[in-house]
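Peer 1: Need coordinates for the following:
(one chain, ligands or ions: 1)
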Amino acid sequence: MRTVFWENNQVKMIDQRQLPHAFVVNAYDDYRAVADAIKTMVIRGAPAIGAAAAFGMALAALQSRATDRQTLLDDLDGASKILAASRPTAVNLFWALERMWRAATDERLQAADDVRAALVAEAQRLADEDVAINRRMAEHGATLIRDGDTILHHCNTGALAAVDWGTALGVVFMAHEQGKRVHVLVDETRPRLQGAALTCWELMQRSIPMTLIADNAAGYFLQAGKVNLVLVGADRVAANGDTANKIGTYKLAVVAKENGVPFYPTVPTSTVDLSLPSGSEIPIEMRDAREVTHIRGQMIAPAGVAVANPAFDVTPNRYLSGIITEEGIVRAPFERGLKEAVEKARARVRTFMETPE
Ligand code: MRU
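Peer 2: Got it, this is the predicted structure:
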């Protein structure tokens, strides 16, 4: 099953807040509720957020009572702004909204109902492409994994973080499918515990051997020579390769380099933001204090304590061994390699749209 999909004119998504205890699929028929689901992390992970927003736009088109093209576009503009305000860091959200806007404003579509149909089709296409892209990325990434490797992983980057399959964890799935014996050290990923709750659940579904560790234990295992490779995802990669990912990634990258362990973000080109020259321009989401003072509803700090809760940090490009994309593994200098990868990916989508079969 996909993490997010379109069925009976509704957006459906696995409620990730309930895993691993319950597997629940929520149905949405209001784009505002989709925006809220992104904000409250029913769905999370950069590519999954992008796909949810795309389906949210399709929903907004069906919800609108507009009978003419311009009124529908005005309604869609409003919906796009509400969806865009849901989370700030994952650029896939804005990338998907821009793509949906391009589809909606196609001059060839003059009737409101044609625009509606085009948006539903475009969201479906974006979701299907996401799965295909992830598998291509996984094939490139799996070349880095040797039989018997132990891979350290942060957050959740599996099928739940995308439409299906996943990014960094998708690389591990691919190596496992190729028959390589792999072991995953799973960072629990405080404060929201995506590693403990979601990554462990996904690895278990696939019977891939793993060990759950507290985030603070990662340095111990890296220093002890027990890790062959660190794989993470990303929410936004600047033009120079600086990479924003789940809080704690930066610390992991520094300790990996200190211990000579290769460190690779795995990112679809939709996560690359060529408009930002470096990582210092990436907006970092600050989330609710309750995520730090509480663990799954249980208070663990004295009431009234001051809290800071940045959801992401930026790893400077000098800590990266390379960046795994669907167009291959990009190495330093990242500016040139990322630009080429983005251009290749765009050309591939154009060809796909011109000759869909
Ligand atoms: O706050 P989240 O759970 O949305 O953060 C997710 C991550 O940081 C992932 O590593 C990133 O989105 C890449 S997912 C394929």
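Peer 1: Could you measure from Glu98 over to the ligand?
Peer 2: According to CB to the nearest ligand atom, to the nearest Å, Glu98 and the ligand sit 18 Å apart. (Each C-beta comes from the backbone N, C-alpha and C, glycine too.)
Peer 1: That residue sits in which helix or strand?
Peer 2: Counting by DSSP states H and E, the element that carries Glu98 is helix 91-104.
Peer 1: Can you mark which positions in that helix are buried?
Peer 2: Val91, Asn92, Leu93, Phe94, Trp95, Ala96, Leu97, Arg99, Met100, Ala103, Ala104 (16 or more other CB atoms under 10 Å).
Peer 1: Count the neighbours of the closest residue to Asn26 other than its chain neighbours for me.
Peer 2: Leaving aside its sequence neighbours, Asn26 sits nearest to Asp15 (CB to CB, 6 or more residues apart in numbering; 5.1 Å). Other residues near Asp15 come to 16 when the count uses other CB atoms under 10 Å.
Peer 1: is it possible to export the buried residues of helix 91-104 to CSV including pLDDT?
Peer 2: Formatted as CSV, those follow (pLDDT from 0 to 100):
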residue, pLDDT
Val91, 98
Asn92, 98
Leu93, 98
Phe94, 98
Trp95, 97
Ala96, 98
Leu97, 98
Arg99, 97
Met100, 98
Ala103, 98
Ala104, 98
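Peer 1: can you count the residues close to the closest residue to the ligand within the stretch 251-357 of the chain?
Peer 2: Nearest residue of the stretch 251-357 of the chain to the ligand, counting by CB to the nearest ligand atom: Ala311, 5.3 Å away. When neighbours are defined as other CB under 10 Å, Ala311 has 22 of them.
Peer 1: What residues does it make contact with?
Peer 2: If you count contacts by CB atoms under 8 Å, 6 or more residues apart in numbering, Ala311 has them with Thr89, Lys246, Ile247, Ile284, Glu285, Met286, Arg287.
Peer 1: give me that answer again for 6 Å
Peer 2: By CB atoms under 6 Å, 6 or more residues apart in numbering, Ala311 lies in contact with Ile247, Glu285, Arg287.
Peer 1: Now do the contacts for Leu109.
Peer 2: Neighbours of Leu109 in contact, by CB under 6 Å, 6+ apart: Val115, Ala118.
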